[in-house]
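**Student:** build me a model from this:
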Amino acid sequence: MEINKVSIIRVAWVHNYDRSLNSASGVFMYQLYDGIKNSNSEISIDLINIGSIKNPLLFISKMIKYRKILRGYDIIHAQYGSGTGFFVSLFNKTKIISLRGSDWYKSPANSIKSKLHIWLGCKLTRWSLSRFNHIIVMSESMKADVHSFAPNCKVIVIPDGIDLNRFFPKQRSTNDKFRVLFSTVNKKNPVKRYDLALSAFNLFHCKYPNSELILMTGVEPDRVNEFVNSVDVILLTSTHEGWPNIIKEGLACNIPFVSTDVSDLAKIADQTPTCYVCDASPESLSAALEQAYFKRNEEKNLRPFVESMDKNAISLALIALYQNVLLES
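**Tutor:** Predicted structure coming up:
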């Protein structure tokens, strides 16, 4: 398909995020949307919230409804896998899908109902992939996983962006305690494994009682950068991640991490002596926290690891992908 350089490329972002709920993936989708909208590019994006499609009759009725709505777009971009990705995959258009992590990896669950929901979501993702022109993933690790399942699909890494004007190193105030930030506010999420983090910290705390484990709860948005800069290390114990945003924010502030082996964090840990990726055991994580404790006063330059993830650079990468996909089709 030939496209004129000055023509408008119309893109529909299909999702079911409720902006009022402030969900993590939804926040970054809206942030990227705002960035592209303000970029003066020849890309016109409309947000299409399809809402719930959980029962078959609702699914069919919305297929009929959105077939008309989506007809005038050059590209349909599913902002998540699972049911949303499957829904978009059935349209006869140029299509892109963004896999965020929980739509690809089979997460642990707290109930049989949740386990079935996760299983079905991952199945729908996998059934959909071959019908997309391009698949966006969050990390090189995810790319390898997706390629092993669908070797003929075109997969590109475009992680969610970070606002480097919002997250930056600040002068740290003197604090007697060694502050360990747990990577999420939701202690009940089985993916995050708070019990593992707590066990690891308790082992560490027995040797170094001048330490505390904290969560980022009740922090006003305009104080998040200050809060992140006030900790000594970020502890992440997840079963899997796309690309953990709290780690991006920490690195932008020169805050190191101790983590299980998820996403591309091992590649970063291999390049710096202040970040650690280790086995998912309390003993290994505690030992890594101890190493971070010994190096707490060392000067760290971790921001370069996330400079390529600046939200403006991510916006440009996505714009270039849209242009290339239309040229290929």
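
**Student:** contacts for the helix or strand of the chain with the lowest mean pLDDT?
**Tutor:** Within the chain, no helix or strand scores below helix 24-37, which has a mean of 79 by mean pLDDT, DSSP states H and E. The list of residues contacting helix 24-37 from outside it, by C-beta atoms under 8 Å, 6 or more residues apart in numbering, reads 13, 15, 17-19, 43, 45, 47, 79-80, 100, 160-161, 163, 245, 311-312, 314-315, 318-319. (Each C-beta comes from the backbone N, C-alpha and C, glycine too.)

**Student:** in PyMOL, select just the buried ones from these.
**Tutor:** Provided next is the PyMOL selection string for whichever of the contacts of helix 24-37 are buried by 16 or more other C-beta atoms under 10 Å:
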select buried, resi 13+15+17+43+45+79+80+100+160+161+245+311+314+315+318+319
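
**Student:** and the contacts of helix 24-37, which of them are in helices?
**Tutor:** 245, 311-312, 314-315, 318-319 (DSSP state H).

**Student:** average pLDDT for stretch 59-68?
**Tutor:** Across stretch 59-68, the average pLDDT comes to 95.

**Student:** next one: stretch 7-21
**Tutor:** On average, stretch 7-21 scores 84.

**Student:** so how far is that stretch from its chain's centroid?
**Tutor:** Per C-alpha atoms, centre = their mean, to the nearest Å, the displacement of stretch 7-21 from the mean C-alpha position of its chain is 17 Å.

**Student:** next, the buried residues of stretch 179-192.
**Tutor:** Quick answer for stretch 179-192 (16+ other C-beta under 10 Å): 179-184, 189, 191-192.

**Student:** dump those residues to JSON lines, plus pLDDT and distance to Glu283.
**Tutor:** What follows is those, written out as JSON lines (pLDDT from 0 to 100; distance: C-beta to C-beta, whole Å):
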{"residue": "Arg179", "pLDDT": "96", "distance to Glu283": "22"}
{"residue": "Val180", "pLDDT": "97", "distance to Glu283": "16"}
{"residue": "Leu181", "pLDDT": "97", "distance to Glu283": "21"}
{"residue": "Phe182", "pLDDT": "96", "distance to Glu283": "18"}
{"residue": "Ser183", "pLDDT": "86", "distance to Glu283": "19"}
{"residue": "Thr184", "pLDDT": "86", "distance to Glu283": "22"}
{"residue": "Asn189", "pLDDT": "90", "distance to Glu283": "23"}
{"residue": "Val191", "pLDDT": "93", "distance to Glu283": "22"}
{"residue": "Lys192", "pLDDT": "94", "distance to Glu283": "19"}
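
**Student:** could you find the closest non-adjacent residue to Asn78?
**Tutor:** No, residue 78 isn't Asn; it's Ala. Val88 (3.8 Å; C-beta to C-beta, 6 or more residues apart in numbering).

**Student:** neighbours around the spatially closest residue to Arg126 that is not a sequence neighbour, how many?
**Tutor:** Take Arg126 and drop its neighbours on the chain: the residue closest to it by C-beta to C-beta, 6+ apart is Phe149, 6.4 Å away. The number of residues packed around Phe149, counting by other C-beta atoms under 10 Å, is 11.

**Student:** just Ser263 next, same as before
**Tutor:** Neighbours of Ser263 under the rule other C-beta under 10 Å: 25.

**Student:** ok, now which ones touch it?
**Tutor:** 138-139, 141-142, 240-244.

**Student:** and the strands in this protein, which stretches?
**Tutor:** 9-15, 43-49, 75-78, 94-98, 134-137, 155-157, 178-182, 211-214, 233-236, 257-259, 276-277 (DSSP state E).

**Student:** looking at these, which is nearest to Asn297?
**Tutor:** strand 178-182 (10.6 Å; C-beta to C-beta).

**Student:** in terms of secondary structure, what does the closest one contact?
**Tutor:** For strand 178-182, the packing partners by 3 or more C-beta pairs under 8 Å, 6 or more residues apart in numbering; DSSP states H and E come out as helix 194-207, strand 211-214, strand 233-236.
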